[in-house]
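**Q** Let's see this in three dimensions:
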Amino acid sequence: MIRRLYDWVLRLAAHPRALYALAIVSFAESSFFPIPPDVMLIPMVLANRQRAFTIAAVCTVSSVLGGLFGYAIGYYFFETLGEWVVRAYHLEAGLAAFRQGFEEWGTWIILIKGLTPIPYKLVTIASGAAHFDLFTFVWASIVSRGLRFFLVAALLWRFGTPIRAFVEERLTLLTWLFLIALVGGFVAVRYLF
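**A** Residues are numbered from 1 along each chain as shown. The predicted structure is shown next:
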């Protein structure tokens, strides 16, 4: 089943409209959607390595724009929509810790958390709820999200065929590791922050 899904995603990633779908997923993930854009970014770059950096740029720009939407949710609608998103993912404890640390470490929180499996939507909503400086939020988001997506794209661009073979040989293991990292990010926010 995982092999069929992987093959389907690779075919979808090669579709002419795949870039639009990636943009939508990247935007949504930064504010309310649970699935990270890596699930599309990786197969899209593997399917078309010549466009690796265009794909990473679309992913980055869409993620930052989605981050601005998440910021707006926290800033203007925290009592309604923001709290609902935070409760839906059981991130209440993580949000409280982020809000406390923003005054002293806000920029570093955005830079570091934007690179980790910790849900970026928590960072964006918390930034807005804490009324963190918007200019700093935007440039830190561009740096962290850009670094994350361009690093993945660069590695796949440089080592595409061997990485693709590695992924295809160990698809089930890598799928489980990815899911563990994703769930681990949510668990870390809930219980450690």
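**Q** any idea of the mean pLDDT for the helix or strand harbouring Leu155?
**A** Using DSSP states H and E, the element containing Leu155 is helix 134-169. Averaging pLDDT along helix 134-169 gives 84.
**Q** Can you mark which positions in it are buried?
**A** 137-138, 140-146, 148-150, 152-153, 156-157, 160, 163-164, 167 (16 or more other C-beta atoms under 10 Å). (Glycine included, C-beta is placed from N, CA and C.)
**Q** and what of stretch 31-44?
**A** For stretch 31-44, a neighbour-count test (16+ other C-beta under 10 Å) marks Ser31, Phe32, Phe33, Pro36, Pro37, Asp38, Val39, Met40, Leu41, Ile42, Pro43, Met44 as buried.
**Q** could these go into TSV alongside pLDDT and secondary structure?
**A** Shown next, in TSV, are these (pLDDT from 0 to 100; DSSP: H, G, I helix; E, B strand; the rest coil):
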residue	pLDDT	secondary structure
Ser31	86	coil
Phe32	80	coil
Phe33	77	coil
Pro36	77	coil
Pro37	82	coil
Asp38	80	helix
Val39	79	helix
Met40	83	helix
Leu41	87	helix
Ile42	84	helix
Pro43	84	helix
Met44	88	helix
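**Q** could these go into CSV alongside distance to Gly70?
**A** As requested, those are exported to CSV (distance: C-beta to C-beta, whole Å):
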residue, distance to Gly70
Ser31, 4
Phe32, 7
Phe33, 10
Pro36, 14
Pro37, 14
Asp38, 18
Val39, 19
Met40, 19
Leu41, 19
Ile42, 23
Pro43, 25
Met44, 23
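**Q** which one among the residues you listed gets closest to Leu22?
**A** Met40 (4.7 Å; C-beta to C-beta).
**Q** Apart from its chain neighbours, what residue comes closest to the closest one?
**A** Distances taken as C-beta to C-beta, 6 or more residues apart in numbering place Leu22 nearest to Met40, at 4.7 Å, with adjacent residues excluded.
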